[in-house]
Structures are given as structure tokens and as C-alpha cells.
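Student: Okay, here's the prediction I keep looking at, along with the sequence it came from:
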Amino acid sequence: MSTPIHQEVVFNGNPKRLYETLTEAKKFSALTGAPAEISHEAGGTFSLFGGMISGRSIELAPDQRVVQAWRARSWPEGIYSIVKFELQAQGSETRLIMDHLGFPEDQRDHLASGWHKNYWEPLQKFLEAH
């Protein structure tokens with residue numbers, strides 16, 4: 001079993017804005033510059049970064065939490081990890097707490113840095129611009 005990745009990042013904006021950006025395909029595409037398809041239903045599928053990441057949303061608690069069964073296209077068939085985003089309001093900001101577990105161990109360093117490069121940094125810029 002892989003060692004989980006735990007990251008906490010504070011963003012300008014309220015939990016609603018962060019939740020919408022993570023769960024609405026149009027906003028996520030604007031954030032990343034890559035195609036995205038995201039179902040609005042728990043149990044629905046998603047495809048991010050033009051299909052590089054795909055999976056299913058297990059839990060969608062508006063403005064509070066997103067839990068996904070998540071996989072990279074390069075992983076062996078049938079391998080899914082779990083990603084949980086918790087959103088906590090802190091005045092005019094939101095603390096996003098992300099836990100990622102169950103991924104192939106040899107992917108840990110790549111994933112840990114990828115969250116910063118592909119999610120947190122673009123998300124910070126997107127929220128400041130919109």
C-alpha cells in the first residue's frame with residue numbers, strides 16, 4: 001500500500017467558488033487549459049486533462065467535500081486511488097485539505113509534485129483572475 005499524500009492549501013475565495021471550479025467542466029478546463037468532462041452526480045464519471053486522469057465521483061457535498069475514485073491513464077488497468085478534497089471556510093479564504101491514497105507507490109513523488117503544478121498553482125491564479 002502506498003503512503004498517502006496529504007496537502008493543505010489556502011486559497012482566496014469562498015468554498016463555493018472552489019467547489020464549482022473543481023466540479024464544473026467548463027471552469028476546470030479554463031483552469032487547466034485542457035479538455036474536461038465532469039458529471040454533476042455522485043456516481044458520475046469525470047475525465048480531466050484530455051483523458052489523462054479519469055474516474056468516478058463517489059461523494060459530492062456542495063461547497064464542502066469532493067471524494068473521487070481517481071486514476072491516471074498510464075496506470076495498469078483496474079487500479080484506482082481515492083482523492084478527497086475538504087473545503088473549510090476561513091474568513092474570505094478557503095483551506096483546501098487534500099488526501100490522496102491507494103495509488104501505485106512508485107507514483108508518489110510524481111503525484112505529490114503534480115498536485116502543486118497542475119492543481120494548486122493554476123487554481124490560485126484562476127481564482128485571482130475570476
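Tutor: Perfect, thanks for sending it.
Student: Closest to the centroid, which residue in this structure?
Tutor: L22 (6.2 Å; Cα atoms, centre = their mean).
Student: Just the pLDDT for the residue lying farthest from the centre of the chain.
Tutor: Outermost residue of the chain with respect to the C-alpha centroid, by Cα atoms, centre = their mean, is G91; its distance is 22.4 Å. For G91, the pLDDT comes out at 94.
Student: swap in A129?
Tutor: At A129, pLDDT is 87.
Student: same thing with S2?
Tutor: pLDDT at S2 comes out at 79.
Student: for it, helix, strand, or coil?
Tutor: Put simply, S2 is coil when judged by DSSP: H, G, I helix; E, B strand; the rest coil.
Student: just the strands in this structure please.
Tutor: 5-12, 37-38, 45-48, 53-61, 65-72, 81-90, 93-101 (DSSP state E).
Student: so which of those strands is the most packed in?
Tutor: Most buried of those, by mean neighbour count (mean count of other Cβ atoms under 10 Å): strand 65-72, with a mean of 20. All C-beta atoms are positioned from the backbone trio N, CA, C, and that covers glycine.
Student: got the CA positions of that one in PDB?
Tutor: Only the C-alpha atoms of strand 65-72 are listed here, as PDB (Å, rounded to 0.1, in the frame of the first residue of the first chain):
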ATOM      1  CA  ARG A  65     -16.300  17.900   0.000                       C
ATOM      2  CA  VAL A  66     -15.500  16.000  -3.100                       C
ATOM      3  CA  VAL A  67     -14.400  12.300  -3.000                       C
ATOM      4  CA  GLN A  68     -13.300  10.600  -6.200                       C
ATOM      5  CA  ALA A  69     -12.100   7.200  -7.400                       C
ATOM      6  CA  TRP A  70      -9.300   8.600  -9.500                       C
ATOM      7  CA  ARG A  71      -6.800   7.000 -11.900                       C
ATOM      8  CA  ALA A  72      -4.100   8.100 -14.300                       C
END
